[in-house]
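1. From the sequence below, what's the structure:
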Amino acid sequence: MLTIRHADDRGHANHGWLDTFHSFSFADYYDDEHVHYGALRVLNEDRIAGGQGFGAHGHRDMEIVTYVLAGGLAHRDSMGNGSTIRPGDVQRMSAGTGVMHSEFNASREEEVHLLQIWLLPRERGGAPGYEEKRFSDADKRGWLRVVASPDGRDGAVTVQADASIYAALIDGDEQAGYAVPAGRRVYVHVARGELEVNGERLGAGDAAMIEAEEAVTLANGREAEVLLFDVA
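-> So this is what the prediction gives:
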């Protein structure tokens, strides 16, 4: 079964410096039908104006993955990490027992466009941690590249959650398939462009929730960038 959720059905808030869409209940947006999808708790699409961002604030008991689509995001945290995350970078911060961090647009002029993902951890109270890996366009071109997983396989960042994240770039005749493990569900988010997911046409910001299917096929893309989440 495939259920489509269109981009315009997401929660939305425009704070001037931050234009944000929420796929799941977050902040002032609440939808009891979209609180989480398995371990996938938050999927926010953020556009942050130049020179703006989130000042120091705390998190705990959450796996936070940041995926930048355009621009640069400057990260600082209480573990001593500092980096600017750019397209191709995947950042994982395990909040565990508690961590403080800040996130600001690294440019004074250009907007930064990103996805921030929160995954529910398998266990509460773990040690905070940080990891960052880079995946080039070639790494993701025409197939689903694992970028985050519980075992860190194939160079992915390691998440303490029952979820794996794959990224793909699909254009023209390119096609990617995913064999869904027994008992698992899949959430496909189109970050930009458009393509067909199991024959259904999706555009930027659209998502497909897929249950009781053996496979997922991504095809007929037009400059599409896609994230696929495998969850219980």
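2. So which bits of the host helix or strand of H75 are buried?
-> Counting by DSSP states H and E, the element that carries H75 is strand 73-77. Judged by neighbour count (16 or more other C-beta atoms under 10 Å), strand 73-77 contains these buried residues: L73, A74, H75, D77. All C-beta spots, glycine's among them, are computed from the backbone N, C-alpha and C.
3. chain center to the helix or strand hosting L227, what's the gap?
-> Element membership for L227 (DSSP H and E) is strand 215-231. When C-alpha coordinates are averaged (C-alpha atoms, centre = their mean, to the nearest Å), strand 215-231 and its chain have centres 13 Å apart.
4. May I have the strands that pair with that strand, each with its orientation?
-> Sheet partners assigned to strand 215-231 using DSSP bridges are listed as strand 163-172 (antiparallel), strand 176-179 (antiparallel), strand 185-197 (antiparallel).
5. pLDDT of stretch 63-74, averaged?
-> When pLDDT is averaged over stretch 63-74, the result is 98.
6. Low-confidence regions, the chain specifically.
-> Within the chain, the set of residues satisfying pLDDT under 70 is empty.
7. returning to that earlier point: could you export the strands paired with strand 215-231 as a markdown table, including distance to E109 and mean neighbour count?
-> Below are the strands paired with strand 215-231 laid out as a markdown table (distance: least, C-beta to C-beta, whole Å; neighbours: other C-beta atoms under 10 Å):
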| stretch | distance to E109 | mean neighbour count |
| --- | --- | --- |
| strand 163-172 | 27 | 22 |
| strand 176-179 | 35 | 15 |
| strand 185-197 | 21 | 21 |
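8. and those strands as CSV, adding distance to L43?
-> Below are the strands paired with strand 215-231 laid out as CSV (distance: least, C-beta to C-beta, whole Å):
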stretch, distance to L43
strand 163-172, 10
strand 176-179, 18
strand 185-197, 6
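9. Please name whichever of those is nearest to R60.
-> The closest of the strands paired with strand 215-231 to R60 is strand 163-172. By C-beta to C-beta, the value is 18.5 Å.
10. quick one: that closest one to chain centroid distance?
-> 11 Å.
11. Keeping just the C-alphas, turn it into PDB.
-> In PDB, the C-alpha atoms belonging to strand 163-172 read as follows (Å, rounded to 0.1, in the frame of the first residue of the first chain):
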ATOM      1  CA  ALA A 163      16.100   3.300  11.000                       C
ATOM      2  CA  SER A 164      18.300   3.600   7.900                       C
ATOM      3  CA  ILE A 165      18.400   6.500   5.500                       C
ATOM      4  CA  TYR A 166      19.300   6.300   1.800                       C
ATOM      5  CA  ALA A 167      19.800   9.200  -0.600                       C
ATOM      6  CA  ALA A 168      19.500   9.200  -4.400                       C
ATOM      7  CA  LEU A 169      19.700  11.500  -7.400                       C
ATOM      8  CA  ILE A 170      17.400  10.400 -10.200                       C
ATOM      9  CA  ASP A 171      17.200  12.100 -13.600                       C
ATOM     10  CA  GLY A 172      16.100  11.000 -17.100                       C
END
